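Asker: the sequence and its predicted three-dimensional model are supplied below.
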Amino acid sequence: MNPPIRIGIVAGEASGDILGAGLIRELKHTYTHVEFSGIGGPLMLAEGFHSFFPQERLAVMGLIEPLKRLPELLRIRKFLKQHFEASQPDVFIGIDSPDFNLSLEQHLKQKGVTTAHYVSPSVWAWRSGRIKKIKKAIDLMLTLLPFENQIYQTHNVPVKFVGHPLADDVALDIDSQLHRQSLAVEGHSPVIALMPGSRQSEVERLGPVFFSAARDIVAARPGTKFLVPAANGHRYRQLHQLLSAYSDLPIRLINGRSHEVMAAADIVVLASGTTALEAMLLKKPMVVCYKMASLSFHIIKAMAKVEFVSLPNLLAGRELVPELLQSDATSSAVTERVLNYLDNPQEVAQLQGEFLHLHQQLRQNASREAATAIADLIAQNPSEPESVES
């Protein structure tokens, strides 16, 4: 019997676990005998993946936390380097987590391992100099968004657009009424989802803006209802405390269920991030907002090479949805944009048509496309057979 195909994967975050599980599932259809090892989460483990360390040991964010955990992260990376160098896989795939994975990929590629990276770092937006390191580190980049390919093609880095798994998971047509029934939202009044973010600092800065806007919207459109999904228990408690100052408003706080809340809503007011992509796939008109520390904002603004921050606008290459950043993110500005949507149903219908087109563009069966690209990469770079003593 031929030896199994061996595939190394490191996915350091929950989103990477989702991508990794889908990729593993498809690769198991491609190969009769295949083994997976590295670092992954519960979804990957359920597919038969062997994880040397718990995935949460890599899931660090911000500036301070990675520094505090640096000795442990370096030990983990050293182990992975030594393991995959000594027992070389047919391919090594880093899923997202570029600060951790790119150095690991570069080391392994120098040792003769075929390497791929799944989810492009935002080199098209800022820190474009990283493309030089990426070129040294990988044999193939798998991108989720079509516009990401250009910078890799310009620098002669092999690249494959595979689509976005979220676009595969979300139906092209959404039954909002069904989701309203699931959430026990009654009547035919407008329903607006308010989503000020998943981090404490985001909620601190945007929560009061969104809730003050809700007060003005109700004054202009009596009967309007508001749903606020909390990302986790910590945010639920934080939002509950914030909302005590707005107890006169028809605002309902919900623990989790953000996808259902967005699907039930007519309009979504949100903090910039992946949520904007999900709202677009659900065909929801949105107002995108963000506030951060002033110094951080000016540094990032100076480094940024793109005109927009939200994925709907980046995908369209023009302003489809309003972006209210820093001092522009005021309750009056949010109110104005929401009322404009309510007053112009024809514009909303046109926007939803644009969203549908972008959804179809991203709906490529990403896991299957990624698995096919990885299988092609393995075929192009066959590993040396290991000697077996008789």
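Answerer: Alright, I've got the coordinates. Numbering: from 1, shown residues only.

Asker: quick one: D99 from S198, how far?
Answerer: D99 sits at a distance of 20 Å from S198 (criterion: C-beta to C-beta, to the nearest Å). The way it works is simple: take the backbone N, C-alpha and C, and place the C-beta from them, glycine included.

Asker: likewise for F308?
Answerer: Taking C-beta to C-beta, one finds F308 at 21 Å from S198.

Asker: repeat for S120
Answerer: As defined by C-beta to C-beta, S120 lies at a distance of 22 Å from S198.

Asker: and the residue nearest the centre of the chain, what is it in contact with?
Answerer: The centre of the chain sits closest to T274, judged by C-alpha atoms, centre = their mean, with a distance of 4.8 Å. Listed by C-beta atoms under 8 Å, 6 or more residues apart in numbering, the contact set of T274 reads S15, L166, L311.

Asker: so the first one, which of the three states?
Answerer: When you say that, I think you mean S15. The three-state assignment at S15 reads helix, by DSSP: H, G, I helix; E, B strand; the rest coil.

Asker: the nearest residue to it once chain neighbours are set aside: what's it in contact with?
Answerer: With sequence-adjacent residues excluded and distances taken as C-beta to C-beta, 6 or more residues apart in numbering, S15 is closest to D96, at 6.6 Å. The contact partners of D96, by C-beta under 8 Å, 6+ apart, come to A11, G12, E13, S15, G16, L19, Y118, V119.

Asker: looking at those residues, which has the most residues close by?
Answerer: Highest neighbour count within those, by other C-beta atoms under 10 Å: A11, with 32 neighbours.

Asker: leaving out sequence neighbours, find the closest residue to P250.
Answerer: Using C-beta to C-beta, 6+ apart and skipping residues adjacent in sequence, the residue nearest P250 is K225, 5.1 Å away.

Asker: how many neighbours does that neighbour have?
Answerer: Once other C-beta under 10 Å is used to define contacts, K225 is seen to have 21 neighbours.

Asker: roughly how far does it sit from R252?
Answerer: To R252, K225 is 7 Å away according to C-beta to C-beta.

Asker: would you list every one of the strands in this protein?
Answerer: Taking DSSP state E as the test, the strands found in the chain are 5-11, 34-39, 50-51, 91-95, 115-118, 140-143, 159-161, 191-195, 225-230, 251-255, 267-271, 286-290, 323-325.

Asker: can you check the pLDDT for the residue nearest to P250?
Answerer: Confidence at K225, expressed as pLDDT, is 96.

Asker: which strand residues sit across from it in the sheet?
Answerer: When bridges are taken as DSSP bridges, the partners of K225 come out as V191.

Asker: from A265, how far off is it?
Answerer: In this structure, K225 and A265 are 9 Å apart, going by C-beta to C-beta.

Asker: okay, and the common contacts of those two?
Answerer: Contact with both K225 and A265 is made by residues V191, I192, according to C-beta under 8 Å, 6+ apart.

Asker: which residues touch the closest residue to F211 other than its chain neighbours?
Answerer: If you skip the residues right next to it in sequence, F211 has Y246 as its closest partner in space, 4.7 Å away by C-beta to C-beta, 6+ apart. Residues counted as contacts of Y246 (C-beta under 8 Å, 6+ apart) are F211, A214, R215.

Asker: pLDDT at Y246, what is it?
Answerer: At Y246 the predicted local confidence, pLDDT, stands at 95.

Asker: do the same with L183
Answerer: Spelled out, the predicted local distance difference test score at L183 is 94.

Asker: swap in V60?
Answerer: Model confidence at V60, expressed as pLDDT, equals 59.

Asker: can you tell me which of the contacts of Y246 are buried?
Answerer: Burial by neighbour count, 16 or more other C-beta atoms under 10 Å: within those this picks out F211, A214.

Asker: out of everything not next to it in sequence, what's closest to Q361?
Answerer: The spatial neighbour of Q361 that comes closest, neighbours along the chain excluded (C-beta to C-beta, 6+ apart), is P146 at 6.5 Å.

Asker: hmm, V159 and the one you found touching each other?
Answerer: No: shown here, P146 and V159 do not form a contact pair, counting by C-beta atoms under 8 Å, at 10.7 Å.

Asker: and the two? Which one has more around it.
Answerer: V159 (20 against 15).

Asker: residue contacts, that one?
Answerer: Under the criterion of C-beta under 8 Å, 6+ apart, the contact list for V159 reads L140, M141, L142, T143, E148, N149, Y152, Q153.

Asker: and those residues, which is closest to K284?
Answerer: Within the set of the contacts of V159, E148 lies nearest K284; the separation is 24.0 Å, counting by C-beta to C-beta.

Asker: any idea how far V203 is from the residue nearest to F211?
Answerer: Applying C-beta to C-beta, one obtains 14 Å for the distance of Y246 from V203.

Asker: again with L362
Answerer: Between L362 and V203 the computed distance is 29 Å (C-beta to C-beta).

Asker: so what's E307 closest to, chain neighbours aside?
Answerer: For E307, the nearest residue in space outside its immediate sequence neighbours is N313; the separation is 7.9 Å by C-beta to C-beta, 6+ apart.

Asker: fine by me, we can end here.
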